[in-house]
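Engineer: predicted structure and sequence below. I'll ask about it afterward.
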Amino acid sequence: MLGMRTISWADWIEHGTTQPSGLIRDRNYADLVQNRSSKICLACRGSKMLCGKAKCPVVVRAEALVKFQGLLDKELIEGSTPPAVFVGRIGYPKVHIGPMIPPFYGNTEILDTPELWMGKTIEEVLDYRVSLIRGKSRSHIFEVQKPSKLLATLQELAMGSRPTQTEAVFTKKPRGVVLLSEDMQPFGPSAPLKSLTVSDIAVDRRIERFFYDGDLKASDAIFSLYKDGVLVTRIQRSFSLGMYGTTARRRLVPTRWGITSVDSTIASRLVDEVKHMPTIDEYLVYTFENIGNIYTAILLPEKWCFEWIEAWFPKTFWNPHGSAPELMGDFEPYEGRTAYANVGGCYYSAKLALAEKLKLERRQASSLILREIHPEYILPVGVWNVRESVRELLKTKPAKFDTFEKALSQALSVMTTPRKSWVAESKMIRGTLFQRKISKYLTQPTVYAG
């Protein structure tokens, strides 16, 4: 698919060798403006909402840029990085690396910590991201074997536990373009980096310990840091800079791939533990809404399996011209899956949040999570939104039922996609409603007295 070589998913997670086959490419809104919707945009100009969205994505992005435009009109940027770093993917294996710095000082942690964004509006998240100016310098992925001064500085930044004073000199003024992707959070203007100076880095000793352990596999380091309470975002940041794994196999991993690889690694380890736990004893239904997204989860009293399905409504980012919701999902049985999920990184983010909940409850279950994306979700803001939303979803009080049919009816009552569409897309729904288990045909032996 997409003309890319198929590789082992496990190898990609461990070493980030290339983009996995089947990964859906990101598109920014300019792509939509240039196609047949451009006439609508031209006629609307952000005032008539002809696209059906609650707010114009182009205007929202422009407003976010304007807020900081006056601070970007120079080649020198000084401020407190959250800390934030970025590894690009264009040109792989030679990619752009660099810091992301706001043009102001203070406690900027929230600018690059999605775990703090639940309850924020899309406009607020975009403001956070647009304020981060990205420096770019070309680097080969194997440069981690002998780091340049810049890469060594970025790795030290990635170990930071609090915002760090930073000064970046660019070869030209940052260009005000906001790039969007469903897989990673947006980021703002960028420019080629001439020099970088940092001071007073407060190193997180937990990350530092595994950085200097060149004998431990990357997956073991990732899960150990997670168990030690390091935020997933911080693990993703340092993993992308090639800071974990056996020394000879370390390499840079593009940020968007690193996000999913860390989510997947942690989720898989948690699921391995969950599979040794007893099943839940009733059907549970959870519901939650967040920035134009509706989530519902059905947990069944069966052994582990997992299905994630998305329904993108007309006038949304990935279904701009449709007349009905477009559904897409992926499923894994008890044995797991080896192929990369077609729906992308959100599958693994949701799986991580679900596995966390089951591990906390010391139970296993078959789980179906449905997501509806409505026009109010005007811009993609990254898979963090799925991970944090599903975490919140599973904190709500569930409705309890004694049959799957009742649970399904409750779950779909909060959704607007027709039932038949979910049934057609879902392996779990069809299997549970229409397939009889062999246990139904087994009867207990008759015991005669006397």
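Structural biologist: Yep, that arrived.
Engineer: quick check: which ranges of the stretch 351-450 of the chain have low pLDDT?
Structural biologist: Scanning the stretch 351-450 of the chain for pLDDT under 70 picks out the ranges 436-450.
Engineer: can you rerun that using 50?
Structural biologist: Across the stretch 351-450 of the chain, the ranges flagged by pLDDT under 50 are 438-439, 441-450.
Engineer: residue boundaries of the strands in it?
Structural biologist: Secondary structure of the stretch 351-450 of the chain (DSSP state E, counting those that start in this stretch): strands located at 366-373, 399-401.
Engineer: for stretch 89-101, output the C-alpha coordinates as PDB.
Structural biologist: Taking Å, rounded to 0.1, in the frame of the first residue of the first chain, the C-alpha atoms of stretch 89-101 are listed here in PDB:
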ATOM      1  CA  ARG A  89      10.300  12.000   8.300                       C
ATOM      2  CA  ILE A  90      10.700  13.700   4.900                       C
ATOM      3  CA  GLY A  91      13.900  12.600   3.200                       C
ATOM      4  CA  TYR A  92      14.300   9.500   5.500                       C
ATOM      5  CA  PRO A  93      17.000   8.300   6.400                       C
ATOM      6  CA  LYS A  94      18.200  11.900   6.300                       C
ATOM      7  CA  VAL A  95      15.700  13.800   8.300                       C
ATOM      8  CA  HIS A  96      15.300  17.200   9.900                       C
ATOM      9  CA  ILE A  97      15.900  17.400  13.700                       C
ATOM     10  CA  GLY A  98      15.600  20.400  16.000                       C
ATOM     11  CA  PRO A  99      14.100  22.100  19.100                       C
ATOM     12  CA  MET A 100      10.700  23.800  19.300                       C
ATOM     13  CA  ILE A 101      10.900  27.100  21.200                       C
END
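Engineer: in it, what counts as buried?
Structural biologist: For stretch 89-101, the buried set under the neighbour-count rule, 16 or more other CB atoms under 10 Å, comprises 89, 92, 95, 96, 97, 98, 99, 100, 101. Yep, even glycine has a C-beta here, placed from its N, CA and C like the rest.
Engineer: can you check stretch 331-350 too?
Structural biologist: Under 16+ other CB under 10 Å, the buried positions of stretch 331-350 are 331, 332, 340, 341, 343, 344, 345, 346, 347, 348, 349, 350.
Engineer: for residue 88, see how far away residue 116 is.
Structural biologist: Computed as CB to CB, to the nearest Å, the residue 116 to residue 88 distance reads 25 Å.
Engineer: repeat for residue 171
Structural biologist: To residue 88, residue 171 is 17 Å away according to CB to CB.
Engineer: where is pLDDT lowest across the buried residues of stretch 89-101?
Structural biologist: Lowest pLDDT within the buried residues of stretch 89-101 is found at residue 89 (92).
Engineer: can you get me a residue count around the closest residue to that residue other than its chain neighbours?
Structural biologist: Leaving out its chain neighbours, the residue that sits closest to residue 89 by CB to CB, 6 or more residues apart in numbering is residue 254, at 3.6 Å. Per other CB atoms under 10 Å, the neighbour tally for residue 254 reads 23.
Engineer: contact partners for the residue lying closest to residue 278 once chain neighbours are set aside?
Structural biologist: With sequence-adjacent residues excluded and distances taken as CB to CB, 6+ apart, residue 278 is closest to residue 363, at 6.3 Å. Residues in contact with residue 363, defined by CB atoms under 8 Å, 6 or more residues apart in numbering, are 274, 277, 278, 279, 280.
Engineer: now for the lengthiest helix in the chain, which elements pack on it?
Structural biologist: If each helix of the chain is counted by residues according to DSSP state H, the longest one is helix 255-274. With contacts defined as 3 or more CB pairs under 8 Å, 6 or more residues apart in numbering; DSSP states H and E, the packing partners of helix 255-274 are helix 9-15, strand 85-87, helix 218-227, helix 232-240, helix 346-361.
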